[in-house]
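Undergrad: Got a predicted model here, sequence first, then my questions.
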Amino acid sequence: MVEATLAIIKPDAIKAKNAGKIIDRIEKEGFEIIAIKKLHLTKNQAEAFYAIHKGKPFFNELVEFMTSGPIIVMALKKENAIKEWRDLMGATNPAEAAENTIRKLYGTNKGINATHGSDAPETAKVEIDFFFPDLQK
Ligand code: CMP
């Protein structure tokens, strides 16, 4: 099924100038970028986006990191886009990610890991709406 997912290039990858390489890889792997923008999340926005993780021990660290610099958010379209993008990113912890995945290539640790991707169809819809409210109407 052709579906959409939300991808984020996180502040570490932007700072390290890896954004272009990641976008190139996304296109080479056959995703269509249906929306894209660069922005700097406020604390309130980051807390809202990651509300599902509120109360977890890494929540404050996550919000601090995600507001530490600009991010690039994209809505990606492909057959099985949600799984395909998660496979291309690799495991959350770059040390456990498969060779040649984005997190293996560009991630640093479990928190500082270059990219984010939606984990299910319901979250993809909510996350795309969060950044691109006009896209799915
Ligand atoms: P992401 O896909 O953006 O969604 C939630 C994020 O929480 C996840 O990527 C990780 O980068 C981050 N995360 C998960 N576990 C930890 C942890 N133990 N320490 C710091 N960050 C974490």
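TA: Nice, I can see it.
Undergrad: For this structure, just list every one of the helices.
TA: 11-15, 19-28, 43-49, 59-66, 81-89, 102-106, 121-131 (DSSP state H).
Undergrad: which of those is buried the deepest?
TA: Ranked by mean neighbour count, the helices of the chain are led by helix 102-106 with a mean of 22 (mean count of other Cβ atoms under 10 Å). No exception for glycine: its C-beta is placed from N, CA and C like everyone else's.
Undergrad: what helices or strands is it leaning on?
TA: helix 19-28, helix 81-89, strand 115-117 (3 or more Cβ pairs under 8 Å, 6 or more residues apart in numbering; DSSP states H and E).
Undergrad: Which of these sits closest to residue 62?
TA: strand 115-117 (10.2 Å; Cβ to Cβ).
Undergrad: roughly how far is the closest one from the heart of the chain?
TA: The chain centre lies 2 Å from the centre of strand 115-117; the measure is Cα atoms, centre = their mean, to the nearest Å.
Undergrad: ditto for stretch 110-128
TA: Taking mean C-alpha positions (Cα atoms, centre = their mean), stretch 110-128 and its chain are 5 Å apart.
Undergrad: Give me the contacts around it.
TA: The contact list for stretch 110-128 (Cβ atoms under 8 Å, 6 or more residues apart in numbering) reads 3-10, 12-13, 18, 22, 35, 49, 58, 61-62, 65, 75, 81-82, 85-86, 89, 92-94, 102-103, 105-108, 135-136.
Undergrad: measure residue 95 to residue 116 for me?
TA: With the distance defined as Cβ to Cβ, to the nearest Å, residue 95 ends up 18 Å from residue 116.
Undergrad: Tell me which of those two has more neighbours.
TA: Taking neighbours as other Cβ atoms under 10 Å, residue 95 and residue 116 compare with residue 116 leading, 20 against 11.
Undergrad: Specify the beta-bridge partners of the more buried one.
TA: residue 8 (DSSP bridges).
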